[in-house]
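# return a 3D structure for these sequence lines:
(one chain, ligands or ions: 2)
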Amino acid sequence: MEILKYMEKYDYEELHFVQDKQSGLKGIIAIHDTTLGPALGGTRMWAYKSEEEAIDDVLRLARGMTYKNAAAGLNLGGGKAVIIGDPRKDKNEEKFRAFGRFIQGLNGRYITAEDVGTSVEDMDLIHEETDFVTGISPAFGSSGNPSPVTAYGVYKGMKAAVKEYFGSESLEGKVIAIQGVGNVAYHLCKYLHEEGASLIVTDIHKEPVKRAVEEFGAKAVDPKEIYEVESDVFSPCALGAVLNDETIPKLKAKVIAGSANNQLKENRHGDMLFDMGIVYAPDYVINAGGVINVADELYGYKRERAMKKVEQIYTNLEKVFEISKRDQIPTYLAADRMAEERIERMRQTKSTFLPNEKHILRNRLK
Ligand SMILES: NC(=O)c1ccc[n+]([C@@H]2O[C@H](COP(=O)([O-])OP(=O)(O)OC[C@H]3O[C@@H](n4cnc5c(N)ncnc54)[C@H](O)[C@@H]3O)[C@@H](O)[C@H]2O)c1
Ligand SMILES: CC(C)C[C@H](N)C(=O)O
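Ligands and ions are numbered 1, 2, ... in the order given. Next up, the predicted model:
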């Protein structure tokens with residue numbers, strides 16, 4: 001990949017490579033767009049097979065956060081970080097503290113939080129070195145693990161998507177097929193079970209499936225079977241790129257609503273779903289609960305206020321469906337349009353002069 005060409009194409013601002021020999025830290029921080037505010041996005045720890053793979057991932061994820069934060073109505077731009085390493089084997093205190101110091105060096109242009117492979121404990125270590133971190137322990141008056149809140153947002157968003165297709169938001173009696181029963185989906189299952197939905201679950205690990213079967217009466221299926229089970233809703237809560245040429249023709253569900261990031265392998269798969277009449281809740285709109293929750297820490301965390309904001313995912317999706325119907329475009333494009341229009345409106349607002357400590361008037365305005 002020609003990195004600067006790619007950055008120009010999608011209008012990225014910065015890409016930082018960070019290395020600390022003593023701790024073994026190798027990481028990359030990408031800042032996509034800070035029109036709306038400082039870039040907020042999690043740190044992913046993953047055993048990437050090559051540097052190229054890590055660069056590709058961090059760039060794609062950072063841009064995704066620009067859209068996610070904009071569509072969620074947050075005053076935050078988009079960024080993301082990756083640490084190269086196996087989260088089960090390669091974590092140590094020095095690594096996260098070294099990483100925290102690099103984040104501090106960006107002086108607030110990038111704020112981090114949890115993502116795949118990182119935890120509240122890791123954020124607490126980063127917090128030893130910088131205040132530009134969220135998702136830290138409730139002991140610090142912060143929001144802690146974002147997954148249960150992401151799940152609440154997905155639950156609310158699923159109701160909006162079900163209403164769009166079936167005319168009623170009720171999930172009672174609906175059959176929901178859930179791919180991956182990890183941190184987010186476990187809590188999602190709880191909400192769905194409480195409302196009287198029937199659950200079909202799958203996971204590559206036995207333990208989480210067993211728990212969902214025992215606690216929520218879920219039916220377990222093999223990971224390969226989840227696409228073709230008879231269901232009303234398919235909820236991808238594991239990996240990205242699961243909506244593709246191979247899986248879409250198998251789907252029996254009428255609604256797709258799940259937490260996974262980057263669910264569409266390519267944009268044209270969103271076009272396919274639209275042509276098939278399937279209601280697809282765009283991933284970054286429905287899974288914004290976690291980032292909405294951690295962003296509230298920047299105001300001084302209040303759980304009740306954060307949850308109220310997370311509930312707005314329902315209305316955000318209603319807007320997306322409305323744009324999709326009005327302009328006869330797939331929902332993923334409608335969501336992009338909604339996010340881009342907000343960024344553009346705010347960019348124009350910012351053209352109004354506001355003095356700061358570096359401006360020509362700084363000595364006169366004291
Ligand atoms: N945690 C959050 O707050 C949050 C916020 C926004 C988006 N997301 C996204 O939601 C998804 C789930 O996040 P999580 O925190 O619950 O992760 P997790 O790792 O706890 O759960 C993912 C689960 O999927 C399973 N899995 C992996 N590959 C699978 C496959 N091929 N088939 C079936 N199951 C498979 C894993 O075994 C695991 O149990 C991820 O894509 C993540 O990026 C999470
Ligand atoms: C800031 C984090 C809680 C964001 C989360 N990892 C996401 O992908 O939305």
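# just the buried residues of stretch 244-255, please?
Applying a neighbour-count criterion of 16 or more other CB atoms under 10 Å, the buried positions in stretch 244-255 are 247, 248, 251, 253, 254, 255. (C-beta placed from N, C-alpha, C; glycine too.)
# could I get the pLDDT score of the fourth one?
Put plainly, it is residue 253. At residue 253, the model reports a pLDDT of 98.
# for residue 177, see how far away it is.
Distance from residue 253 to residue 177, counting by CB to CB, to the nearest Å: 6 Å.
# any residues in contact with both of the two?
231, 233, 234 (CB atoms under 8 Å, 6 or more residues apart in numbering).
# top of those residues by neighbour count?
When neighbours are counted by other CB atoms under 10 Å, residue 234 leads those with 29 neighbours.
# off-centre distance for the helix or strand hosting that one?
Per DSSP states H and E: residue 234 is located in strand 233-236. Centre-to-centre, strand 233-236 and its host chain are 16 Å apart (CA atoms, centre = their mean, to the nearest Å).
# mean confidence score for it?
98.
# in this structure, what residue lies closest to ligand 1?
Distances between the chain and ligand 1 by CB to the nearest ligand atom are smallest at residue 182, namely 1.8 Å.
# list the contacts of the closest residue to that residue other than its chain neighbours.
The shortest distance from residue 182 to any non-neighbouring residue, by CB to CB, 6 or more residues apart in numbering, is to residue 208 (6.3 Å). Neighbouring residues of residue 208 by CB under 8 Å, 6+ apart: 181, 182, 186.
# if we go to 10 Å?
Applying CB atoms under 10 Å, 6 or more residues apart in numbering, one finds that residue 208 lies in contact with 180, 181, 182, 183, 185, 186, 189, 201, 202.
# among those, which ones lie close to ligand 2?
Among those, proximity to ligand 2 is found for none (CB under 6 Å from any ligand atom).
# which of those lies closest to ligand 2?
Ligand 2 has its nearest neighbour among the contacts of residue 208 in residue 183, at 10.6 Å by CB to the nearest ligand atom.
# what about residue 296, neighbour count?
The burial count for residue 296: 24, using other CB under 10 Å.
# kindly report the same for residue 14.
Residue 14 has 16 neighbours, counted by other CB under 10 Å.
# for it, list each beta-bridge partner.
residue 31 (DSSP bridges).
# am I right that residue 220 is in contact with residue 207?
No - in this structure, residue 220 is not within contact of residue 207 by CB atoms under 10 Å, at 11.8 Å.
# settle it for me: which of those two has more neighbours?
Between residue 220 and residue 207, counting by other CB under 10 Å, residue 220 is the more crowded of the two (16 against 9).
# give me every residue that touches the residue nearest to the more buried one when sequence neighbours are not counted.
Spatial nearest neighbour of residue 220, chain neighbours left out: residue 209 (4.9 Å); criterion: CB to CB, 6+ apart. Each residue near residue 209 by CB under 10 Å, 6+ apart is listed here: 180, 181, 201, 202, 203, 218, 220, 221, 223.
# who touches both of residue 220 and residue 207?
What both residue 220 and residue 207 touch, as defined by CB under 10 Å, 6+ apart, is the set residue 181.
# quick check, residue 40 in contact with residue 74.
Yes - counting by CB under 10 Å, residue 74 is a contact partner of residue 40 at 7.5 Å.
# now the common contact residues for the two.
What both residue 40 and residue 74 touch, as defined by CB under 10 Å, 6+ apart, is the set 65, 68, 291, 295, 298.
# report pLDDT for the fourth one.
pLDDT, residue 295: 97.
# any idea which helix or strand carries it?
Per DSSP H and E, residue 295 falls inside helix 289-295.
# who touches the nearest residue to residue 234 once chain neighbours are set aside in this structure?
Computed as CB to CB, 6+ apart, the closest residue to residue 234 that is not its neighbour in sequence is residue 253, at 3.9 Å. When contacts are counted by CB under 10 Å, 6+ apart, residue 253 touches 165, 175-177, 227-235, 278-279.
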